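Engineer: Fold the stuff below for me.
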Amino acid sequence: MRGGQHIPSLFTLGNLIFGVFALVLALDEQYIQGGLMILLAGVMDYLDGKVARKLQVSSDFGKELDSLADLVSFGVAPAILAYALKLSDWGYLGLAISLAFVMCGALRLARFNVTTFTGSFMGVPITVAGGIVALLIILPGNLPVLVLPLAMLLLSYLMVSKIKVPKF
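Structural biologist: Numbering: from 1, shown residues only. Have a look, this model is predicted:
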């Protein structure tokens with residue numbers, strides 16, 4: 001066992017904490033702040049991978065924990081924020097859009113965990129999809145009514161698609 005092996009997991013847990021904060025803020029109808037929490041979760045997600053590679057302590061445990069945190073922060077939290085803010089007006093259709101986003105995100109993460117990729121991702125990463133939804137939520141002004149649901153449907157498809165996305 002190497003020293004510092006758990007340090008990246010602290011960043012992963014920070015990701016998860018910000019995702020849960022986003023959910024709590026959705027309950028309190030503080031949607032912009034919730035969207036900002038998702039973006040902060042993205043910073044933590046970036047740092048956990050960077051630190052793990054720097055310390056050379058990547059592990060299967062870390063990969064699984066990262067996926068669980070990502071599902072909450074970039075799947076569930078954006079879907080709930082979007083539903084509470086706009087999609088609840090659409091009734092069951094709005095709920096179905098939110099559920100599709102979460103399910104496609106989970107499928108994307110599962111595929112990522114069992115597949116080896118070199119040079120590119122297959123499908124849009126959930127962190128990108130969740131970040132885009134968060135940005136649509138925090139953008140000032142009113143978006144046209146169809147933008148958020150259509151963006152979520154498109155992102156849901158792109159997460160599970162076989163489109164090659166360059167690693168960044």
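Engineer: where does the protein have low pLDDT?
Structural biologist: 1-3, 168 (pLDDT under 70).
Engineer: go with 80
Structural biologist: 1-5, 116-119, 141, 168 (pLDDT under 80).
Engineer: Which helix in it has the most residues?
Structural biologist: Using DSSP state H to define each element, the chain has its longest helix at helix 31-55.
Engineer: Helix or strand next in line after that helix, which one?
Structural biologist: Using DSSP states H and E, the helix or strand that follows helix 31-55 in sequence is helix 60-70.
Engineer: quick one: contacts of that following helix?
Structural biologist: For helix 60-70, the surrounding residues in contact (CB atoms under 8 Å, 6 or more residues apart in numbering) are 8-9, 12-13, 15-16, 19, 41, 45, 48-49, 52, 105, 109-110, 112-113, 126-127, 130. C-beta here means a position set from N, CA and C on the backbone, and glycine is covered the same way.
Engineer: which among the residues you listed end up buried?
Structural biologist: 8-9, 12, 15-16, 19, 41, 45, 48-49, 52, 105, 109, 112, 126-127, 130 (16 or more other CB atoms under 10 Å).
Engineer: dump the residue contacts of the residue lying closest to residue 77 once chain neighbours are set aside.
Structural biologist: Spatially, and ignoring its direct neighbours in sequence, residue 77 is nearest to residue 22 (3.9 Å; CB to CB, 6 or more residues apart in numbering). Applying CB under 8 Å, 6+ apart, we find residue 22 in contact with 34-35, 37-38, 41, 73, 77-78, 80-81.
Engineer: and the two most separated of these?
Structural biologist: The span of the contacts of residue 22, defined through CB to CB, is set by 41 and 80 at 13.6 Å.
Engineer: give me phi/psi at residue 26?
Structural biologist: phi -60, psi -40 (degrees, to the nearest 10).
Engineer: That one and residue 78: what is the separation?
Structural biologist: According to CB to CB, to the nearest Å, residue 26 and residue 78 sit 10 Å apart.
Engineer: neighbour-wise, which of these two wins?
Structural biologist: residue 78 (32 against 25; other CB atoms under 10 Å).
Engineer: Now do the helix or strand hosting the more buried one: which elements does it pack against?
Structural biologist: Using DSSP H and E, residue 78 sits in helix 77-85. Helix 77-85 sits against helix 7-27, helix 31-55, helix 92-114, helix 126-138, helix 147-160, with contacts defined as 3 or more CB pairs under 8 Å, 6 or more residues apart in numbering; DSSP states H and E.
Engineer: Good, wrapping up.
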